[in-house]
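Peer 1: this one's structure only:
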């Protein structure tokens, strides 16, 4: 999961195959509505654990958003009862941008999938 203030990217993966794929972007701000939307997506996808991107600074120190991310993770863990793992998300947005730059999609089309692709990058890193 690539948690954002306005949009959250969701990806699913297979830990045996060590593969991840983007699923969707939830256009819901951080809060209870986002928890509900994620719970619904989890039920649809058959998820058994959650991996959230952890926003670290380039030097590896905790970024400003780490506290927000961990608080939201607590809400999500309470709502789902699932284990939540954190994965360094440094450079995953850049990797997503790189993939999209080669896609031929318009700016509007890219915006709709960017966060889900970043989520897949986060999950791929976790599965390695």
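Peer 2: Thanks, I have it. All of these numbers come straight from a predicted model, not from anything done at the bench.
Peer 1: C-alpha only now, for contacts and for neighbours.
Peer 2: Will do.
Peer 1: what comes up buried for stretch 53-69?
Peer 2: Of the residues in stretch 53-69, those buried by neighbour count under the rule 16 or more other Cα atoms under 10 Å are 53, 54, 55, 56, 65, 66, 69.
Peer 1: burial count for residue 110?
Peer 2: 17 (other Cα atoms under 10 Å).
Peer 1: how about the helices in this protein?
Peer 2: Taking DSSP state H as the test, the helices found in the chain are 32-45, 66-80, 92-101, 107-127.
Peer 1: could you check the angle helix 92-101 makes with the last one?
Peer 2: Angle of helix 107-127 versus helix 92-101, following axes from the mean of the first three to the mean of the last three Cα atoms, to 10 degrees, is 130 degrees.
Peer 1: Helix 107-127 packs against which elements?
Peer 2: For helix 107-127, the elements it packs on are strand 8-14, strand 19-26, strand 50-54, strand 84-88, helix 92-101, judged by 3 or more Cα pairs under 8 Å, 6 or more residues apart in numbering; DSSP states H and E.
Peer 1: 6 Å - rerun?
Peer 2: The contact analysis (3 or more Cα pairs under 6 Å, 6 or more residues apart in numbering; DSSP states H and E) places helix 107-127 against strand 8-14, strand 19-26, helix 92-101.
Peer 1: measure stretch 96-106 end to end?
Peer 2: 15 Å (Cα to Cα, to the nearest Å).
Peer 1: Rounded mean pLDDT for that stretch, please.
Peer 2: For stretch 96-106, mean pLDDT rounds to 80.
Peer 1: mind listing what's buried in that stretch?
Peer 2: For stretch 96-106, by 16+ other Cα under 10 Å, it's 96, 97, 100.
Peer 1: Dump the residues you listed to CSV, plus distance to residue 118.
Peer 2: CSV is the format used below for these (distance: Cα to Cα, whole Å):
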residue, distance to residue 118
96, 5
97, 8
100, 10
